[in-house]
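# Would you be able to build a 3D model of this:
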Amino acid sequence: MIVDDHPLMRRGIKQLLGLEPQFTVVAEASNGNEAITLAGQLAPDIILLDLNMKGLSGLDTLKALRDEEVSARIIVLTVSDARSDVYALIDAGADGYLLKDSEPEQLLENIREAAEGRNVISAAIADYLASRSEQRNPFADLTERELDVLQEVARGMSNKQVATQLHISEETVKVHIRNMLRKLDVRSRVAATVMYLEYKSQ
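Alright, predicted model coming up:
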């Protein structure tokens with residue numbers, strides 16, 4: 001599902017996704033309220049969400065979608081590379097943050113990776129995301145196995161790949177990730193990965 005208040009942008013994104021056979025655009029929404037309704041009705045696998053929209057903002061739309069327990073991968077697609085926006089959206093549960101001025105081929109590749117369960121962040125903002133500082137060790141409460149899972153997730157592995165790598169079931173991986181997110185007080189794998197990369201770089 002494409003969520004953007006500019007018809008021309010929605011059309012451009014739809015045409016780009018049309019180049020990839022694995023993608024089908026099941027819905028387009030021009031505002032946040034419409035997106036929330038359609039997401040509940042259609043249960044899309046991926047939601048491409050604009051940040052700066054009239055009415056309900058992208059951030060408020062994202063929070064509402066997560067509160068409704070929408071299971072879709074939610075990727076923010078925006079022109080804003082402001083640190084405050086990136087931090088706010090990742091912390092609110094976005095599964096990725098991509099810039100609209102990315103090369104079309106790169107954008108398509110990023111969306112393809114997101115569909116496979118990987119974390120996607122445009123290269124232009126990845127560096128300063130990784131430099132976001134934490135005052136305390138946020139991983140002290142994690143078990144050894146949860147840390148193992150987090151390390152694999154940070155490498156971009158899907159739940160299935162993590163399960164294979166650690167010789168555990170995919171369901172067990174999901175349980176570890178759920179517990180890990182709760183302990184770290186974040187709402188997405190991407191946010192947990194960013195915290196982990198920041199910690200490792202200190």
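# use CA for all of it now, contacts and neighbours both
Fine.
# mind listing what's buried in stretch 8-24?
By 16 or more other CA atoms under 10 Å, the buried positions in stretch 8-24 come out as Arg10, Ile13, Lys14, Leu17, Phe23.
# max-length strand in the protein?
strand 73-78 (DSSP state E).
# which among the buried residues of stretch 8-24 gets closest to Lys100?
Ile13 (9.6 Å; CA to CA).
# What residue, apart from its backbone neighbours, is nearest that closest one spatially?
In space, and not counting its chain neighbours, Ile13 is closest to Ile2: 7.7 Å by CA to CA, 6 or more residues apart in numbering.
# same thing with Lys14?
Spatial nearest neighbour of Lys14, chain neighbours left out: Val25 (6.8 Å); criterion: CA to CA, 6+ apart.
# Let me know the distance separating that neighbour from Leu42.
To Leu42, Val25 is 11 Å away according to CA to CA, to the nearest Å.
# Between the two, which has more neighbouring residues?
Val25 (15 against 11; other CA atoms under 10 Å).
# Checking that one next. Helix, strand or coil?
coil (DSSP: H, G, I helix; E, B strand; the rest coil).
# before we move on, back to that, which residues does the residue nearest to Ile13 form beta bridges with?
In this structure, Ile2 bridges to Glu28, Leu48 when assessed by DSSP bridges.
# Kindly state the pLDDT recorded for Arg132?
pLDDT for Arg132: 62.
# One more: Leu65?
Confidence score, pLDDT, at Leu65: 94.
# who's in contact with the longest helix along the chain?
In the chain, assigned by DSSP state H, the helix with the most residues is helix 170-184. Here helix 170-184 makes contact (CA atoms under 8 Å, 6 or more residues apart in numbering) with 138-139, 141-142, 145-146, 149-150, 159-160, 162-163, 187-189, 192.
# For Ala35, see how far away Leu48 is.
10 Å.
# what residues are shared contacts of those two?
Common neighbours of Leu48 and Ala35 (CA under 8 Å, 6+ apart) are Val3.
# so Ala29 touches Asp4, yeah?
Yes: taking contacts as CA atoms under 8 Å, Ala29 lies within contact range of Asp4: 6.4 Å.
# Neighbour count: those two, which is higher?
Asp4 (27 against 21).
# Can you list the buried residues in stretch 96-115?
For stretch 96-115, by 16+ other CA under 10 Å, it's 96-100, 102, 107-108, 110-112, 114-115.
# Near Asn119, how many other residues are there?
Neighbours of Asn119 (other CA under 10 Å): 28.
# That one and Met157: what is the separation?
Counting by CA to CA - Asn119 and Met157 are separated by 9 Å.
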